[in-house]
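Colleague: Okay, predicted coordinates and the sequence, questions at the end:
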2 protein chains.
Amino acid sequence: MSSLTNNELDAPPWLRVESTLMATARLIREAFDARLKPLDLNLTQASLLAYVAEFGATTQTGLAEKMGTGRAAMGTVVDGLEKRGFIARHPDPDDRRVWRIDITDDGRELAARVVGVDEVLRGELRHGIGREERQALSWVLTRLQVNLQSAINQ
Amino acid sequence: MSSLTNNELDAPPWLRVESTLMATARLIREAFDARLKPLDLNLTQASLLAYVAEFGATTQTGLAEKMGTGRAAMGTVVDGLEKRGFIARHPDPDDRRVWRIDITDDGRELAARVVGVDEVLRGELRHGIGREERQALSWVLTRLQVNLQSAINQ
DNA sequence: GCTCGATTGTATGACGTCGTACAGTATGTG
DNA sequence: CACATACTGTACGACGTCATACAATCGAGC
């Protein structure tokens, strides 16, 4: 823990801001997973559930794109949530290749609790961080993503 | 790609800044992995190599703490790098439990190339982002980590 | 109507990381 | 010296994600 809070001081010259960012991302996943554990969900499942609850029936590929994961991984997530009865696969009347992923009543109830957990935790994470700082963070991150994309594409 | 750059606009109300941050972290890993592929290294291996090259012989547990991973995972990384002759395990004269992980001549040569790749990529990532913005980002991230830590510890 | 390329979801194997348990070793206490 | 506790590295199984390959299906062009 101490090695995380002061790693700006003893960090090596390579990977400074970047490593801090990745460590923060890891902590975000940890924190959400911890809070979602009582619901027996991890962050990926909770995000999927909340997304479907909010935006209604969606294709698996669409979900994968929105949540930044692959189609195969999304399939297994859907499998697990379907087996537990929180979402359901309905055939698409217009396209027999795809499943429309829709939420069930149980799923809707669980999604409401997910949103509650999310709001509480996000409130805690805002402590000591002003609105303009949050917006600045968001802006720099977006800019960073653009640079990263062009770096990845050579 | 378009879903990444404009996800501030169509992002759901839950997980806004946080999901951007995690997506950015994923892109960072992708970008470094892509650039390190010619050296047949991934980001974890490269970080370990550069760290040992810079700070000299270190304990595996110490490495794991510094790099934010578990001891077991660090063991497998060390295994791979040792098998390829870039680092070596030397017994510690004062403590027979531990290995001192040290770099070899081949490893030092490779580490220099890693540092080069890192400097080039980090330069590209700075495009359009001022120094004070970078410092602000760093500050907010550190603050976020503090909040995350207390959230994780209930 | 038929064919060809593109797309959807799935199966499979691989990889990296994690958590737990364990043996060997060190350190402190009586 | 004996003992208990803490720590290091490793073995093992589990999990989540990824890349690839594949069958089924769609849509466009002839």
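Modeller: Now that the structure is in, tell me what you want to look at.
Colleague: Do you have the helices of chain A handy? List them.
Modeller: For chain A, the helices defined by DSSP state H cover A:2-5, A:17-36, A:43-55, A:60-67, A:71-83, A:105-125, A:131-152.
Colleague: Present the ones you listed as TSV; the columns should include distance to DNA strand C.
Modeller: C-beta coordinates here come from the backbone N, C-alpha and C atoms, glycine included. Listed next are the helices of chain A as TSV, based on distance: least, C-beta to the nearest atom of the strand, whole Å:
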stretch	distance to DNA strand C
helix A:2-5	13
helix A:17-36	7
helix A:43-55	13
helix A:60-67	3
helix A:71-83	3
helix A:105-125	17
helix A:131-152	18
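Colleague: possible to save these as CSV with mean neighbour count, distance to DNA strand D and mean pLDDT?
Modeller: Shown next, in CSV, are the helices of chain A (neighbours: other C-beta atoms under 10 Å in any protein chain shown; distance: least, C-beta to the nearest atom of the strand, whole Å; pLDDT from 0 to 100):
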stretch, mean neighbour count, distance to DNA strand D, mean pLDDT
helix A:2-5, 13, 13, 38
helix A:17-36, 20, 9, 91
helix A:43-55, 22, 4, 94
helix A:60-67, 18, 8, 93
helix A:71-83, 15, 3, 95
helix A:105-125, 16, 15, 95
helix A:131-152, 17, 11, 90
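Colleague: among those, which is nearest A:Trp99?
Modeller: helix A:60-67 (6.1 Å; C-beta to C-beta).
Colleague: For that closest one, which helices and strands make contact with it?
Modeller: Secondary structure elements in contact with helix A:60-67, counted by 3 or more C-beta pairs under 8 Å, 6 or more residues apart in numbering or on different chains; DSSP states H and E, are helix A:43-55, helix A:71-83, strand A:99-103.
Colleague: Helix A:43-55 and that helix, what's the angle between them?
Modeller: Angle, helix A:60-67 to helix A:43-55, by axes from the mean of the first three to the mean of the last three C-alpha atoms, to 10 degrees: 110 degrees.
Colleague: about what we covered before: B:Gly70 is nearest to which of the helices and strands packed on helix A:60-67?
Modeller: Smallest distance to B:Gly70 across the helices and strands packed on helix A:60-67 (C-beta to C-beta): 19.3 Å, for helix A:43-55.
Colleague: circling back to that earlier point, closest one to chain B among the helices and strands packed on helix A:60-67?
Modeller: Nearest to chain B, of all the helices and strands packed on helix A:60-67, is helix A:43-55, at 5.3 Å by C-beta to the nearest C-beta.
Colleague: Does the closest one reach chain B?
Modeller: Yes. Judged by C-beta under 8 Å from any C-beta of the partner chain, helix A:43-55 comes into contact with chain B at A:Ser47, A:Ala50, A:Tyr51, A:Glu54, A:Phe55.
Colleague: Could you single out the nearest of those residues to A:Glu65?
Modeller: A:Tyr51 (11.4 Å).
Colleague: any idea how far DNA strand C is from the residue nearest to A:Arg113 when sequence neighbours are not counted?
Modeller: What sits nearest to A:Arg113 in space, not counting adjacent residues and going by C-beta to C-beta, 6 or more residues apart in numbering or on different chains, is A:Leu39, at 6.0 Å. Going from A:Leu39 to DNA strand C by C-beta to the nearest atom of the strand, to the nearest Å gives 18 Å.
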